[in-house]
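Student: Here is a sequence together with a model predicted from it:
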Amino acid sequence: MGHLDHATFGWLTPVLSYAMACIGAALGLRCTVRALGATGRSRRNWLLTAASALGTGIWTMHFVAMLGFGVHGTEIRYDVPLTILSLLVAMTVVCAGVFAVGYGRERGRALLIGGLTTGLGVASMHYLGMAAVRLHGDVTYDPVMVGLSVLIAVVAATAALWAALNIKSAVAVTLASLVMGAAVSSMHYTGMFAVSVSVTPSGEVLPGATAMQFIFPLAVGLGSYLFLTSAFVALSPTSGEREATASAQRPVELTH
């Protein structure tokens, strides 16, 4: 049985991955709040931005944490197509959940469907990402811990969507994003504690890319996207600010 190390770089990867999850959650919540106050094409665009932020944040959290994953006695590489597929799954299912809430007429039902869909999608993303791992040996899972990680993912996703529907102030969104980041990180590490590896020493070259060759550059790129999108959202006027500007301009227009 190989010894698993979930933090080969110490606290760096857990803390950085938690920060990425919080940024993605905060951005997703703010965009969803903007979407609920908009109509037509503007609502759709805000919901797409929210979905991309949440999906990117969750995926980046997972693979930044995986940078710290190691197994004594074997190298680790990643199957590139499967890793990219896990990103696409994260984006797609989060988009489905966000749109279910954004356009659902019955909020309770929309929240239930959206939370279940998004939670199962997040869990699928995690285990697809784990299926992309290549090492010398066999990977097995504790079914109880796997079930617990899926449950955490569904509860966390439902809580995130509920927050998007009910939380409006910037301070409340910040607090909710910190809780969401903790929930997503808990789901990840619960899933990782379900993993056992039986190492089979071998001199064969493993297929795939190393974490630093592929995962690190992609995570940096997606992290940069989150920061740039955060700046865009912060600088974009809210519907209330636009209405205030429009009302302030009306008297001026009448005098002319």
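Tutor: Structure received.
Student: helix/strand/coil for residue 196?
Tutor: strand (DSSP: H, G, I helix; E, B strand; the rest coil).
Student: What is the neighbour count of the residue nearest to it when sequence neighbours are not counted?
Tutor: Distances taken as CB to CB, 6 or more residues apart in numbering put residue 140 closest to residue 196, at 4.9 Å, once the chain neighbours are dropped. Where C-beta positions appear, they are placed from N, C-alpha and C, glycine not excepted. Residues lying near residue 140 (other CB atoms under 10 Å) number 12.
Student: Residue 139 belongs to a helix, doesn't it?
Tutor: No: Residue 139 is assigned strand when assessed by three-state DSSP, not a helix.
Student: Lowest-scoring secondary structure element of the protein by mean pLDDT?
Tutor: Taking mean pLDDT, DSSP states H and E as the measure, the helix or strand of the chain with the lowest value is helix 239-255, at a mean of 52.
Student: Show me where the stretch 101-250 of the chain dips below the pLDDT cut-off.
Tutor: 234-250 (pLDDT under 70).
Student: hey, where'd the helices end up in it?
Tutor: 107-131, 143-166, 170-193, 216-235, 239-255 (DSSP state H, counting those that start in this stretch).
Student: Adding distance to residue 11 and mean neighbour count, write these out as JSON lines.
Tutor: JSON lines is the format used below for the helices of the stretch 101-250 of the chain (distance: least, CB to CB, whole Å; neighbours: other CB atoms under 10 Å):
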{"stretch": "helix 107-131", "distance to residue 11": "21", "mean neighbour count": "20"}
{"stretch": "helix 143-166", "distance to residue 11": "22", "mean neighbour count": "20"}
{"stretch": "helix 170-193", "distance to residue 11": "13", "mean neighbour count": "19"}
{"stretch": "helix 216-235", "distance to residue 11": "17", "mean neighbour count": "14"}
{"stretch": "helix 239-255", "distance to residue 11": "40", "mean neighbour count": "10"}
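Student: Make a markdown table out of those helices and add distance to residue 67.
Tutor: Listed next are the helices of the stretch 101-250 of the chain as a markdown table, based on distance: least, CB to CB, whole Å:
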| stretch | distance to residue 67 |
| --- | --- |
| helix 107-131 | 12 |
| helix 143-166 | 19 |
| helix 170-193 | 12 |
| helix 216-235 | 6 |
| helix 239-255 | 40 |
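Student: longest helix in the chain, by residue count?
Tutor: helix 40-66 (DSSP state H).
Student: what mean pLDDT would you report for that one?
Tutor: Taken as a whole, helix 40-66 carries a mean pLDDT of 87.
Student: What residues does the closest residue in space to residue 7 that isn't next to it in sequence make contact with?
Tutor: Nearest residue to residue 7, sequence neighbours excluded (CB to CB, 6+ apart): residue 68, at 4.7 Å. Shown in contact with residue 68 (CB atoms under 8 Å, 6 or more residues apart in numbering): 5-9, 12-14.
Student: Could you list which of those belong to strands?
Tutor: residue 5 (DSSP state E).
Student: Buried by neighbour count, from the contacts of residue 68: which ones?
Tutor: 6-7, 13-14 (16 or more other CB atoms under 10 Å).
Student: Quick one: the residues you listed as CSV, columns for distance to residue 217 and pLDDT too.
Tutor: Output for the buried ones among the contacts of residue 68, formatted as CSV (distance: CB to CB, whole Å; pLDDT from 0 to 100):
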residue, distance to residue 217, pLDDT
6, 22, 81
7, 21, 79
13, 16, 88
14, 21, 91
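Student: which among those gets closest to residue 231?
Tutor: Nearest to residue 231 among the buried ones among the contacts of residue 68: residue 13, at 25.0 Å, using CB to CB.
Student: Okay, and the beta partners of the closest residue to residue 73 other than its chain neighbours?
Tutor: Excluding the flanking residues, the one nearest residue 73 by CB to CB, 6+ apart is residue 199, at 4.2 Å. Here residue 199 sits in beta bridges with residue 137, going by DSSP bridges.
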